[in-house]
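A.B. asks: Generate coordinates for the sequence data below:
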Amino acid sequence: MRNNCLEPRSLVMTRSECFYCFGMEGLYCGQVFYNFGIRSCDNHYKAAVRDCRAYMHREKIVHIADVLDHPFMMELQKGFSVLRSSGVQEAGWSLNVGTYDPEVLAYRDGWIMSVKNGDLSKRIFVSELRTAELESAYCDFIDLLDKGIYKADNDMYESLVDRGKSTTVEDIPGLQYAIVDGIRCAYLDLTS
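C.D. replies: Just a heads-up that it's a prediction; the model follows:
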């Protein structure tokens, strides 16, 4: 019997079975970001979502889809300007929603997110989009992120986890990890 709470892990080259009970009925996947999450059956889907959100709370990661209805994000969906490295303020930028599945905000010495202008995309600090007109909405948004929108999931996870049992699924031999655009990704090293 496995722990009732799990840590998300790479989904690359994992078996198509529930990480909680090893069942294969109605297989779903709770994701933190692309190819990183927890596979689950119908019975354990809510646990997979809870455990992924608890991990995201601890790692300061937020799915953009979970905050799109915030007034600050709603204003950004109308488009905005970004200060380019050349020093030019360039209009025509938008949220980069849907490029990654799912797209995230992450805290790395400040909250960062992906934005795009045509085929060009980049990650910027959310603070770069702070304007006098959006000051109140911006402060409320940052406060929400800092407090943690997944705090309740993390509190539930912490109340259920048995620290005496393993909370990870065993790694695959040859699986390596790398940081790509500030996101932890996994790949299979076939040279080993």
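
A.B. asks: any idea of the mean pLDDT in stretch 149-161?
C.D. replies: Summarised as a single mean, pLDDT over stretch 149-161 is 91.

A.B. asks: Go through that stretch and flag the buried ones.
C.D. replies: Neighbour-count burial for stretch 149-161, counted by 16 or more other Cβ atoms under 10 Å, picks out 149-150, 153-154, 156-157, 161. C-beta coordinates here come from the backbone N, C-alpha and C atoms, glycine included.

A.B. asks: outside of that stretch, which residues touch it?
C.D. replies: Contact with stretch 149-161 is made by 3-5, 49-51, 53-54, 56-58, 62, 66-67, 148, 167, as judged by Cβ atoms under 8 Å, 6 or more residues apart in numbering.

A.B. asks: Only the C-alpha atoms, please, for it, written as PDB.
C.D. replies: Coordinates of the C-alpha atoms in stretch 149-161 are reproduced here as PDB (Å, rounded to 0.1, in the frame of the first residue of the first chain):
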ATOM      1  CA  ILE A 149      -4.100  30.400  -4.200                       C
ATOM      2  CA  TYR A 150      -3.400  26.700  -3.500                       C
ATOM      3  CA  LYS A 151      -2.900  27.100   0.300                       C
ATOM      4  CA  ALA A 152      -6.000  25.100   1.200                       C
ATOM      5  CA  ASP A 153      -4.800  22.200  -1.000                       C
ATOM      6  CA  ASN A 154      -1.400  22.300   0.700                       C
ATOM      7  CA  ASP A 155      -3.000  22.400   4.200                       C
ATOM      8  CA  MET A 156      -5.000  19.300   3.300                       C
ATOM      9  CA  TYR A 157      -2.000  17.600   1.900                       C
ATOM     10  CA  GLU A 158       0.100  18.400   5.000                       C
ATOM     11  CA  SER A 159      -2.700  17.000   7.200                       C
ATOM     12  CA  LEU A 160      -2.900  13.700   5.300                       C
ATOM     13  CA  VAL A 161       0.700  13.000   4.400                       C
END
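
A.B. asks: Which of the helices or strands spans I112?
C.D. replies: Taking DSSP states H and E as the criterion, I112 maps to strand 111-117.

A.B. asks: What is that strand packed up against?
C.D. replies: Other elements packing on strand 111-117 under the criterion 3 or more Cβ pairs under 8 Å, 6 or more residues apart in numbering; DSSP states H and E are strand 80-83, strand 89-95, strand 104-107, strand 120-125.

A.B. asks: so what secondary structure elements neighbour the longest helix out of those in the chain?
C.D. replies: Determined from DSSP state H, the single longest helix within the chain is helix 45-59. With contacts defined as 3+ Cβ pairs under 8 Å, 6+ apart, the packing partners of helix 45-59 are strand 28-33, strand 36-40, strand 61-63, helix 151-160.

A.B. asks: do that again at 10 Å, thanks
C.D. replies: strand 28-33, strand 36-40, strand 61-63, strand 104-107, helix 151-160 (3 or more Cβ pairs under 10 Å, 6 or more residues apart in numbering; DSSP states H and E).

A.B. asks: Any idea which of the ones you listed gets closest to S85?
C.D. replies: Ranking the helices and strands packed on helix 45-59 by distance to S85, with Cβ to Cβ as the measure, places strand 104-107 first at 20.7 Å.
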